[in-house]
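**Q** model this:
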Amino acid sequence: MTTLEKVRELLPEMTLEEKTQILQWIAYDLSGKFPGIERTPGVVGGVACIVRTRIPVWLLVQAHLLGSDEEEIMRAYPSLRPEDLANAWAYYGAHKKEIDQQIVENEVA
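**A** Here you go, the predicted model:
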């Protein structure tokens, strides 16, 4: 079964909210723009960060990969909102190679 066939099979079981979220993910993926994520030259090396903060997406992803759950991450970074993490995970899903490379680069630094 192809991925597309799997999606077609799952679609009727999904809620309206889940379908809306999928549409947003597709739109972000196609446009390359992610709400709540910004890249500013000269700020944190120009890497993708959560808006209103200087918290890089790679840092949040690394914390998650190392076992921190969302609640722990939000306690560590009180300025974050739940949608900030959702935006970070969506960005990572579309830019995995970029973020993984930044994690490696910052482990060495």
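**Q** which residues touch the helix ranked longest in the chain?
**A** Counting by DSSP state H, the longest helix found in the chain is helix 16-31. The set of residues external to helix 16-31 that reach it, using C-beta atoms under 8 Å, 6 or more residues apart in numbering, is Leu11, Met14, Phe34, Pro35, Ala90, Gly93, Ala94. Every residue, glycine included, has its C-beta placed from N, CA and C.
**Q** try it again with 10 Å
**A** Helix 16-31 has contacts (C-beta atoms under 10 Å, 6 or more residues apart in numbering) with 7, 10-11, 14-15, 33-35, 37, 86-87, 90-91, 93-95.
**Q** right, and the helix or strand after the helix-or-strand element of the chain with minimal mean pLDDT?
**A** Taking mean pLDDT, DSSP states H and E as the measure, the helix or strand of the chain with the lowest value is helix 16-31, at a mean of 78. Sequence order places strand 37-38 as the next helix or strand after helix 16-31, per DSSP states H and E.
**Q** The contacts of helix 16-31, buried ones only, as a PyMOL selection?
**A** Selection of the buried residues among the contacts of helix 16-31 in PyMOL, burial being defined by 16 or more other C-beta atoms under 10 Å:
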select buried, resi 34+37+87+90+91+95
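**Q** okay, who's weakest in the contacts of helix 16-31 by pLDDT?
**A** Note: of these, the lowest pLDDT belongs to Lys33, at 71.
**Q** measure that residue to Lys19 for me?
**A** 21 Å (C-beta to C-beta, to the nearest Å).
**Q** Check Trp89 too.
**A** In this view, Trp89 and Lys19 are 18 Å apart by C-beta to C-beta.
**Q** For the two, indicate the residue with more neighbours.
**A** Trp89 (14 against 11; other C-beta atoms under 10 Å).
**Q** is it fair to say the more buried one lies in a helix?
**A** Yes. Assessed with DSSP: H, G, I helix; E, B strand; the rest coil, Trp89 lies in a helix.
**Q** List the contacts of it.
**A** Applying C-beta under 10 Å, 6+ apart, the residues contacting Trp89 are Val57, Leu60, Val61, His64, Glu70.
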